[in-house]
Each structure stands twice: as C-alpha cells, then as structure tokens.
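> After the sequence you'll find the predicted model.
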Amino acid sequence: MYELNAYCGQQSSIIITKPNTLVEASCNLTMAEYDLITLAINKLYLQKSDSNQVIISVREFATANRVSSTYAYRVLKDCAESLPNKKLAVTLYKDLSAENTDELLVVRPNHSKYKTIATECHWVQNATYVEQTGFITLYFSDLVRHIISNTGKAYTKYDYLKTIDFKGCSTKRLYELVLKWKDIGKTPTMTIYEWKEYLGYIDSYPEVSEFRRRVLDYGLKQINAQGDFEVTLDPTRLGRSFTHFSMIIKKLKSIKLNHTSKDNSNNSVKLLSPKQADMFANLLANDSGFGSKFARSGEAMASFMSRISQDLQRDLGKIGEYMPYLVRAGFEKTY
C-alpha cells in the first residue's frame, strides 16, 4: 500500500513523474494550487490504482515545500475551496483505425490515421479539507485520472525540490517545459496567444513586450540562475511586432535524479518551527563569523535575519550549510 505521508521524510529529493499531456496543458492556477496539484498527480501515479482519490497532509505539503505548518494549513484550506472551480485544457487523440474510435488516447498514435481532440475539464471533482486532522482529499476528475493512468512512458521526470524556490507558477511551468524538451534543445514555436493561454494570462498583459518581460524573461532568468540550463527566447517577428516565441535550451550539466528517500547526512535534522527559526536567526545574524560568510553586501540586519529564518524553516540543505554555526549557537541535530 502506498504510504500516506509520502513526503514527510527528510528527503534529499522528491522525484515527480508528470504526464506530458499535463505538462503541456493550459491552465490558470496559483503557485500554491499548482504545487498541491503536482504533488497529488505524482502520488496518484505512484499509487497505480483506479481510484481518483488522493490525500495530502499538512505535514507532507509543509515538508515538500520547506514551509511552516501554519502556512501549509492555510494553503490546503484555501485550495479546498478554490480548486473545484479550476479547469485545464488538454490535447488528446482518437485512433481512427481502431474499432472503438470513441476512446480518447493520451499518447498520439504512431501512424497518421488519428484525430486531434482539444478538450477542457476540471482538475478535480471535489476537494475536502478536515481542519481537525490536517488532511486535504482531492478527487481528480475522470479525465485527469484517465490521463495519469494511461500516460505510459510519455511523462516528464524531475526533482520537485529544484522548483520550490521559484517565484511564480509560470516559472515552474516553464521549467517543466524545458525539462520535457531538453533533449531536443528547443520547444515548439507558439504564438503569443498560445503562450498566454498555456500560462493562464489570456486576459493580462495586452502588450507583448510586457508579457515577455514580466512572465517569460522573468521565469527564464530564475531557471538559468540554477545553472542546469541556459534557456533563451527565440522570437519570430511579423513586420514590427513579435508574434511567436520558442525556447532554445542548452544543457549545462547532466541532471541526475536521486531516488533515495533519505538524506543520510542530515537524517536527524528537521525543519525548524517559526519560533525556533526566529530565535536561531537572531543568534546567527549576530555571529560575526557567520555574517562575514553569509551576509549579502548592503543587506540590512532585519532582512538578513528574515532570510536566515526562512532558510531554517524551508531548506534542509541550508540547515546543513549553517550547521557549524548552529551548533556553536546551541543547536542539536535532534532539536
């Protein structure tokens, strides 16, 4: 039986397997909604069952996203109310050479006798959150469950922890698209309208330059800063205006997916509560040795302390990096 609290261990990686159909789906979700949906899709895929039900706990969501339980409680409660109203648009196929031509295929047939079907559906049929237990139960729509169960080998695999510091749902979506097309080196060319539809900005940014600057360039800057890829936009101009974009993808280093569920170097270290994090952030910020190594040029003390506190609540890697100074400040690994 698949473990309920699958993301509760002190994991060095959380490997996501997401159907390419959903990677390329058009949708308009907040970042919190997208994070929850991504974890739930992965969990349903791993369960390998015919059920459309997935349970995610506050502890799971908090640990996977390196956030406090207080924040996770609020997110799950809000998502239970908002997600049943959210839709996605996907492309499926009908095999015209098959006897049962009503069946919708997730993967395009390897011959020319097929029909492309553009369809829209809700992400979930229902979502319930029980505050006393701290669990959200998502009931995926039948079509989404069908896509997850029938994706075969047409999926994109990546480490979820590489996405938790991205700002904005659109950046995470661009990152998934980069990973899907990384071996080809270029995404398909899409019109401005298609890009806006894909990222959920149909009614925003009427000026192409503004959409490019605030969404596409903003997202690619974050992806490039990770150092795994160098991604650039390849624009197509019609007259004086840009009408199409594709992404040119250059791999800078090989990405290895870590399938281990435990981080052996920090297997007794836990994320700190907000109160604990604030206390140690104050101690570390006033440690001259720590400050000389980790403070940023021109950074105010209050901002420095806030950044440290967030690291201690969200990032096990940072805790490991800070560990010599934490120990000096009275921290123990089993704190």
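Happy to help now that I have it. Residues are numbered from 1 along each chain as shown.

> Show me the helices in the stretch 201-335 of the chain, by range?
Ranges of helices within the stretch 201-335 of the chain are 208-211, 218-226, 274-285, 288-294, 301-314, 316-328, based on DSSP state H, counting those that start in this stretch.

> would CSV of those with distance to residue 142 and mean neighbour count be doable?
In short, each C-beta sits where N, CA and C put it, glycine included. Listed next are those as CSV, based on distance: least, Cβ to Cβ, whole Å; neighbours: other Cβ atoms under 10 Å:
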stretch, distance to residue 142, mean neighbour count
helix 208-211, 34, 15
helix 218-226, 32, 17
helix 274-285, 40, 18
helix 288-294, 50, 13
helix 301-314, 35, 19
helix 316-328, 37, 17
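
> Please tabulate those helices in a markdown table, including the columns mean pLDDT.
Shown next, in a markdown table, are the helices of the stretch 201-335 of the chain (pLDDT from 0 to 100):
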| stretch | mean pLDDT |
| --- | --- |
| helix 208-211 | 92 |
| helix 218-226 | 94 |
| helix 274-285 | 89 |
| helix 288-294 | 84 |
| helix 301-314 | 86 |
| helix 316-328 | 83 |
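
> Residue 86 is nearest to which of these?
helix 218-226 (20.4 Å; Cβ to Cβ).

> distance of residue 68 from residue 280?
Going from residue 68 to residue 280 by Cβ to Cβ, to the nearest Å gives 14 Å.

> residues in contact with the nearest residue in space to residue 192 that is not next to it in sequence?
Nearest residue to residue 192 in three dimensions, chain neighbours excluded: residue 208, at 5.6 Å (Cβ to Cβ, 6 or more residues apart in numbering). Applying Cβ atoms under 8 Å, 6 or more residues apart in numbering to residue 208 gives the contacts 192, 241-242.

> Where does pLDDT dip in the stretch 151-300 of the chain?
256, 258-269 (pLDDT under 70).

> which residues of it fall in strands?
155-159, 190-191, 229-238, 241-251 (DSSP state E, counting those that start in this stretch).

> just these: most buried one?
Comparing the strands of the stretch 151-300 of the chain by mean neighbour count (mean count of other Cβ atoms under 10 Å), strand 155-159 ranks first with a mean of 18.

> returning to that earlier point: show me the one of the strands of the stretch 151-300 of the chain that comes nearest residue 169.
The nearest among those, by Cβ to Cβ, is strand 155-159 at 15.6 Å.

> still on that earlier bit, ok, which of the helices of the stretch 201-335 of the chain comes nearest residue 40?
When these are ranked by proximity to residue 40 (Cβ to Cβ), helix 301-314 comes first, at 20.4 Å.

> Please report how far the residue nearest to residue 192 lies from residue 217.
Taking Cβ to Cβ, one finds residue 208 at 12 Å from residue 217.

> got it, and residue 249?
From residue 249 to residue 217 the distance is 15 Å (Cβ to Cβ).

> And for stretch 278-286, what's in contact with it?
272, 290-291, 294-295, 301, 304-306, 308-309, 312, 322, 325-326, 329-331.

> what's the spacing between it and its chain's center?
In terms of Cα atoms, centre = their mean, to the nearest Å, the gap separating the centre of stretch 278-286 from the centre of its chain is 30 Å.

> Renumber starting at 253 from here on
Taking 253 as the first residue, the last one we looked at is stretch 530-538.

> in what helix or strand does residue 341 lie?
In this assignment (DSSP states H and E), residue 341 forms part of strand 339-347.

> chain center to that strand, what's the gap?
Using Cα atoms, centre = their mean, the offset of strand 339-347 from its chain centre is 22 Å.

> Now do the buried residues in that strand.
340, 342, 344-347 (16 or more other Cβ atoms under 10 Å).

> Just the CA trace of it, in CSV.
Only the C-alpha atoms of strand 339-347 are listed here, as CSV (Å, rounded to 0.1, in the frame of the first residue of the first chain):
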residue,chain,number,x,y,z
LYS,A,339,-10.1,24.0,-15.3
LEU,A,340,-7.4,22.8,-17.7
ALA,A,341,-7.3,22.4,-21.5
VAL,A,342,-5.6,19.4,-23.0
THR,A,343,-5.0,17.7,-26.3
LEU,A,344,-6.0,14.1,-26.7
TYR,A,345,-6.4,11.8,-29.7
LYS,A,346,-8.8,9.4,-31.4
ASP,A,347,-7.4,6.4,-33.3
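
> Which helix or strand lies directly C-terminal to it?
Following strand 339-347 toward the C-terminus (DSSP H and E): strand 366-374.

> What are the buried residues along that next one?
366, 373-374.

> Can you identify the helix in the chain that spans the most residues?
If you go by DSSP state H, the chain has its longest helix at helix 283-299.

> avg pLDDT for the helix or strand that comes right after that helix?
Remark: after helix 283-299, the chain's next helix or strand is strand 305-309, criterion DSSP H and E. Strand 305-309 shows a mean pLDDT of 95 in the predicted model.
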